[in-house]
Every structure is written in C-alpha cells, then in structure tokens.
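S.K.: model the structure of this input:
(2 chains)
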Amino acid sequence: MTAADPLDVSVVVIGGGQAGGEVAASLRLAGHRGAITIVSDEDSYPYTRPPLSKGYLLGQTERSELLLRDEQMYRSHAIEVRTGRHATSIDRRARRVGLDDGTDLGYDALVLATGGRPRHLPHPELDGAVNLHYLRTLEDVDRLRDGFTVGAHILIIGGGYIGLEVASVARRRGLEVTLLEANPRILSRVAAEPTSEFFTRIHREEGVDLRVDTRVAEYVLDATNRIVEVVLTDGHRLAVDLVLAGIGLIPNVELAETAGLAVENGILVDTGLRTSDPHVFAIGDVARFPAADGSGMRRLESMPNAAEQARVVADNILGNPRPYDAEPWFWSDQYDVKLQVTGLSTFFDETVVRGDPASGRSLSVFYL
Amino acid sequence: MPIVKITTPEGDMRAIDAPVGTPVMKAAVSAMVPGIIGECGGDLSCATCHVYVDPAWIDKLPARTADEEDMLEATSEEPTDCSRLSCQIIMTKDLDGLAVTAPATQR
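M.R.: Numbers count the residues shown, from 1 in each chain, chains lettered A, B, ... in the order given. Got it, this is the predicted structure:
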C-alpha cells in the first residue's frame, strides 16, 4: 500500500542502534504520521554505543543513560519497537519483511540499519573460549566488565579506537594491560604518524605494555576452555586472565544480499542513501556511499555518520531530497586526553603539527 | 518534576519534564525537541547541544568547565556570554522553570 502523502508512508527500520533509533525520531520530528516499526535483534531499545568502551565500561555511565529515548517516548510517538527480533527476508516485489517469529511487516520505505559485527580472530580453536571478548553491544560490555578485577592481566589485540579505549579504562580500573598492534603503529587506519606517536607515548606513560609489529603466534587454552597463556611472534610468553580483540567490523549485509540488493563491503547506496531498490535505503555502519568529495565509495563506522545519515534518509523518505555530504568526524577519550578528528587522513601531502608528540597532553595535527 | 522551557529554532516554546539529575540535553533529545541534537551523547565532544540560557537564569548555573569552554569555540552559531552546552546543565529542583533557546543551527 502506497500512501499519496509522503507523511503517511509506512516505514520499517531494520536495526535498533543509533541509526535506526535516530531515523524514527527524525521522521516524527519532521511531521511524519505513517506507521514506523523498528526491528532490533538486541534486547534493548535503541541506545548509543560510544560510551560502551568509555564511561559504561568504567562504571560511570548507567545503562539507562545509554538509551537514546525511553520506552514511553516511542509509545507516545506511535513508534513500534520489536526487540529481540531478527529480520530474515525481504520480499521486494510485495514490499514485505519477514521476521524470525514468522510474522511479516509491509513497508513503503525500508531502512536497513543493520550495522556490523566484530571481526573474529582467525583462530577456529578460540570459538567458545570463555575469556575471549569482542566489543559491540551492551551485552558484550557487561560480560567484559565481569572480568575487570584489580590486578587481572588483560591482553588487548588491536590498536584501534576500541582497543585503546578499553586499555585506558582497564588501567583506570587497576588492571595490568598488554596491547598488541600487528602494524608498525597504532591508529594506522585513522590517523597520521604524529597522532600515533602521541597516543603510543600516553599509553606507555599510563603503564600499558604496548607492542607494535607484534601478533599472537599461539593461544594456550586450559581444560575449561580458558585462554591462560599466549606466545607472541617475538617469542615472549605471557600469562593472561582475559583477552579482548578489537580488530575491525564486518558489515551485516546478508539480509540485503539475499534480497538481491547491490552489496560490496557494505550495502551500496547513492548520495540520497538509496540502495539499488528505490524503496530500500541503507544507513550507518553498513552503508557504503559515494563520498561528497568525489574520491569514491566510502563506508564509515562512526556515530556522527550514523546519526546524520538517519536525518538525511528521513528527509528523503518524506520527499525533501538532499544528499549526504557531511564532513566525517570522530572522537575518542583515553585517560584525560580527548581525540577529535575531522575529515579523513587518507589523502594528504604533508602534516603540520602544533605541540610535541613526545611530551605533554595536547597536540593538533593538520593534514594538508 | 522540574520543567525546562525550550524555545525552538522555529520560535515555539516547549515545556518539557526534566528529572532532577538529568542533563537538559538528554531531556530535550528524549522529548524530541527540535534544535538540540546532542550527537556525542553528552561526552563534551561535539557542541551540538548548544543553547542560549535566558539571562535571568545564567547566574543560577554552575560555571563552565575548561572542557566546556573549549567546545563552545566549536559551535556552529556564535556563542554569547549566555551560551552553554546543555549536556553540562544538570537539572536540580532550583532549576525548575529554566528557560533556554536553541540556536538556528547546531552544525
């Protein structure tokens, strides 16, 4: 059923993260009156993920503070949220989405905000290891927090945002921290050398045993399926109490792929965030879109990207077309240092540095 | 429960419930008030919850921290002496009736 007035169209949103929650709110804020249903495979109402590896892991932020809005707001704005439900199929011709409880939902516009899942370590013998952690959801962090006891030794694999933020919280909670980065420097995917050098020094000053160019060669498990020791590529052996791997995200494209939508390291969309089907949109961590600067297709794993794409897609659904052309930005908190990044550090000729990466707690790096 | 009066960029005044202990940004986002985004969730990292506090109320608020001062340099609309990031205004009983105005843009 297609409504004549865009304000009356039925919208189904798959995914209850930042992007999914924000698109529903943006639609209502813009005066949309049609049905909105959010389908989330998590048990929580939409919540914000950045504090998971920061304040929530530290124990300073309450679970209720992570919710984008409370349940009462969804009810009063007639936004239906189906938690703990997984979308299993899309019938694009009939415009219906099938769910794992056997029900289905009709739509005029479908928004895929399916996000991603942590990339797992390429060691099948670790499947089911009881003290191996990945970090994406509230549930993941609740599990990880249980192992955060003073003096415990955590091995962190991966020197990206997740690994470094967890290292920072772990030190503040009194854990011993070893962090391994397989590349010659941390943050290599998102920052230039002076920034990597700066944060490497901060973490070492804070007591992290940070090793670059290093991987785990062998995991030693005990009879209870606990990782008790690792052998590093440099030959060192380390006894460990828990292991966290932050080695990237795999976009959840399977639903789109099965439905025959164009997929390539993400769900492919145009500047209006439409997939190869004009009734289906994709936003957030899963969407691969044309960069506004003409540099090609881009997929960003960041909360500002997800939130702004949600607002753009709401306008596009409501017949007020506009392209997604926001400047990418990222932030991170580690110890008392705040990292803020605007733009991407992919293409630049030189960097200009204000401050000294080798001392102090403040640094600005410009990519020219 | 205390209320906050928020004037939206369109000039509408919205009076919303703001429980004691809740940041004004959080109350505004939760109530879907237009004009306050709070993109970083209250982490003092984005400056998209900028508000102009009614001058009659400004002295009743705790002073800005250095971090808030820094972020107020990054707002999209020019800050004034009455500018605050609403994630840093934590509701108290004494702030019942607090009046703020959302700027025309946040980013």
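S.K.: for burial, what's the neighbour tally of the residue lying closest to B:A102 once chain neighbours are set aside?
M.R.: Excluding its sequence neighbours, the residue lying closest to B:A102 (C-beta to C-beta, 6 or more residues apart in numbering or on different chains) is B:G35, at 3.1 Å. Where you see a C-beta, it was placed from the backbone N, CA and C, and this is true even at glycine. Per other C-beta atoms under 10 Å in any protein chain shown, the neighbour tally for B:G35 reads 22.
S.K.: how much space separates B:G35 from A:E206?
M.R.: Taking C-beta to C-beta, to the nearest Å as the measure, B:G35 falls 39 Å from A:E206.
S.K.: helix, strand, or coil at A:V313?
M.R.: When classified by DSSP: H, G, I helix; E, B strand; the rest coil, A:V313 comes out as helix.
S.K.: up against chain A, what does chain B have?
M.R.: B:26, B:29-32, B:34, B:37, B:39-46, B:67, B:107 (C-beta under 8 Å from any C-beta of the partner chain).
S.K.: where does pLDDT dip in the stretch 1-150 of chain A?
M.R.: Counting by pLDDT under 70, the low-confidence segments of the stretch 1-150 of chain A come to A:1-3.
S.K.: what segments of it are strands?
M.R.: Taking DSSP state E, counting those that start in this stretch, the strands of the stretch 1-150 of chain A run over residues A:11-14, A:36-39, A:79-82, A:87-91, A:96-99, A:104-106, A:109-112, A:116-118, A:132-133.
S.K.: and the ones you listed: which comes nearest chain B?
M.R.: Chain B sits nearest to strand A:79-82 of all the strands of the stretch 1-150 of chain A, at 10.2 Å, using C-beta to the nearest C-beta.
S.K.: the closest one near chain B at all?
M.R.: No. Residues of strand A:79-82 are not located near chain B by C-beta under 8 Å from any C-beta, the shortest gap being 10.2 Å.
S.K.: tell me which residues of that strand are tucked away?
M.R.: A:I79, A:V81, A:R82 (16 or more other C-beta atoms under 10 Å in any protein chain shown).
S.K.: which residues does A:D222 contact?
M.R.: Contact analysis of A:D222 by C-beta atoms under 8 Å, 6 or more residues apart in numbering or on different chains lists A:V228.
S.K.: kindly report the same for A:L112.
M.R.: A:L112 touches A:I14, A:G15, A:L255, A:A256, A:I267, A:T275, A:V280, A:F281, A:A282, A:I283, A:V286, A:A287, counting by C-beta under 8 Å, 6+ apart.
S.K.: over to A:L238?
M.R.: A:L238 sits in contact with A:H153, A:L155, A:T178, A:E229, A:V230, A:L232, where contact means C-beta under 8 Å, 6+ apart.
S.K.: turn those residues into a markdown table, columns for neighbour count and distance to chain B.
M.R.: What follows is those, written out as a markdown table (neighbours: other C-beta atoms under 10 Å in any protein chain shown; distance: C-beta to the nearest C-beta, whole Å):
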| residue | neighbour count | distance to chain B |
| --- | --- | --- |
| A:H153 | 16 | 29 |
| A:L155 | 26 | 27 |
| A:T178 | 21 | 27 |
| A:E229 | 15 | 37 |
| A:V230 | 21 | 33 |
| A:L232 | 17 | 34 |
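S.K.: out of the residues you listed, who's nearest A:G98?
M.R.: A:L155 (41.4 Å; C-beta to C-beta).
S.K.: tell me the contacts of the closest residue to A:G266 other than its chain neighbours?
M.R.: With C-beta to C-beta, 6+ apart as the criterion, A:G266 has its nearest non-adjacent residue at 3.2 Å, and that residue is A:R288. A:R288 is in contact with A:P251, A:E264, A:N265, A:G266, A:I267, A:L268, A:V269, A:M297, A:R298, A:R299, counting by C-beta under 8 Å, 6+ apart.
S.K.: try 7 Å
M.R.: Contact partners of A:R288, counting by C-beta atoms under 7 Å, 6 or more residues apart in numbering or on different chains, are A:E264, A:N265, A:G266, A:I267, A:L268, A:V269, A:M297, A:R298, A:R299.
S.K.: closest to chain B among the contacts of A:L112?
M.R.: Distances from chain B to the contacts of A:L112, taken by C-beta to the nearest C-beta, are shortest for A:I283, at 14.8 Å.
S.K.: residues near the residue lying closest to A:R354 once chain neighbours are set aside, how many?
M.R.: Distance criterion C-beta to C-beta, 6+ apart; nearest residue to A:R354, sequence neighbours excluded, is A:S364 at 4.2 Å. Residues near A:S364, counting by other C-beta under 10 Å, number 11.
S.K.: A:S364 against A:P357, yeah?
M.R.: No. Using C-beta atoms under 7 Å, A:S364 makes no contact with A:P357, being 10.8 Å away.
S.K.: got phi/psi on the spatially closest residue to A:L135 that is not a sequence neighbour?
M.R.: Of all residues beyond its chain neighbours, the one nearest A:L135 is A:I162 (5.4 Å), with distances taken as C-beta to C-beta, 6+ apart. Dihedral angles of A:I162 (phi, psi; degrees, to the nearest 10) stand at phi -60, psi -50.
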